[in-house]
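Chemist: can't give you the sequence, but here's the structure:
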Ligand SMILES: [Zn+2]
């Protein structure tokens, strides 16, 4: 029998494929809570420790830096949910495809599974479907990274209380407010984050753009939620704009604007991001909103947002196709 050498990825269009990257610095507009991975229900936020002596920043005596962390796995989960819960006609996109978490549809034509991946370990019966879903492995082509805060600012513990809704309380009655303590990531922390996409069409990347932009308002466990893309002068000294870079390319010519987690000084971190953002094929270019070298395209700041917005419109047209929303009434 002949062997199979193919990847197994079905094509649904003639669009060419590219790699796409998103590099951004996110800012917490208020305190945020991201539960610690191993500490369930104890209200402790997730932190990471950066060993300084091993990477030449500190000395042997340094214990390392403890930093708040917006982990890539959490971001990935929120992004996937924004797609599952995206509006489609009078239903949600995940319902339209019968695709959820943890039970993904794992169909190659599903706009969510196609980029995020899916797994069905053994054939399984699904409510409302006549045929069993076959065991399927669909490898995601979108990966998430970064998330270590720039500033060395540990979590802050806050006293909270759950107040019952009683207006008048007779002296003999319970309940009384239930106090509890919870840690929070402090407002103003900056989190450099990165999304990488492998061999995608513009249509496939449009789902990634939608997930990335929609998740910003929804990051965080419980309340409050939400981050924004950090704004400061980037391309020009006199113009504030979002710190984001979007790449579309065949070969990775651009220096990747990734901030070393060992850096705790915001200005130093910004300098590192900026130097990389304007370096293509090993050469520092002059600052610009769009840098092109052959098939390599880099969009910076406002231009990156414009590029992502194009993708959002494409996603709306091709996937959400929300005809009702086009009318005012
Ligand atoms: Zn799916």
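Modeler: Great, that's in hand. Just so we're clear, the structure is a prediction, and the values are computed from it rather than from any experiment.
Chemist: Flag every buried residue along the helix or strand residue 310 falls within.
Modeler: Using DSSP states H and E, residue 310 sits in helix 302-315. If you call a residue buried by 16 or more other CB atoms under 10 Å, then helix 302-315 has these buried ones: 302, 303, 304, 305, 307, 308, 311, 312, 314, 315. (Glycine included, C-beta is placed from N, CA and C.)
Chemist: List, one by one, the residues from the stretch 51-200 of the chain near the ion.
Modeler: Proximity of the stretch 51-200 of the chain to the ion (CB under 5 Å from the ion) is limited to residues 99, 105, 110, 112, 113.
Chemist: so which of those residues is the most crowded?
Modeler: Counting by other CB atoms under 10 Å, residue 112 has the largest number of neighbours within these, with 28 neighbours.
Chemist: one step back: quick one: the helix holding residue 310 to chain centroid distance?
Modeler: Offset of helix 302-315 from its chain centre (CA atoms, centre = their mean, to the nearest Å): 16 Å.
Chemist: contacts for it?
Modeler: Outside helix 302-315, the residues within contact range by CB atoms under 8 Å, 6 or more residues apart in numbering are 22, 202-203, 205-210, 212-213, 229, 241-242, 244-246, 248, 289-290, 299.
Chemist: can you tell me which of the residues you listed are in helices?
Modeler: Of the positions in the contacts of helix 302-315, 202, 203, 205, 206, 207, 208, 209, 210, 212, 213 sit in helices, assigned by DSSP state H.
Chemist: wait, isn't the third one in contact with residue 197?
Modeler: It stands for residue 205. Yes - at 5.8 Å, residue 205 counts as touching residue 197 under the criterion of CB atoms under 8 Å.
Chemist: who touches both of these two?
Modeler: In terms of CB under 8 Å, 6+ apart, residue 205 and residue 197 are both contacted by the residues 20, 115.
Chemist: Which one of the two is surrounded by more residues?
Modeler: When neighbours are counted by other CB under 10 Å, residue 205 comes out ahead of the other of residue 205 and residue 197, with 27 against 23.
Chemist: Spatially nearest residue to the more buried one (excluding sequence neighbours)?
Modeler: Counting by CB to CB, 6 or more residues apart in numbering, residue 20 is the residue found nearest to residue 205 once chain neighbours are left out, at 4.8 Å.
Chemist: Show me where the stretch 101-250 of the chain has its helices.
Modeler: If you assign secondary structure with DSSP state H, counting those that start in this stretch, the helices in the stretch 101-250 of the chain sit at 113-116, 202-215.
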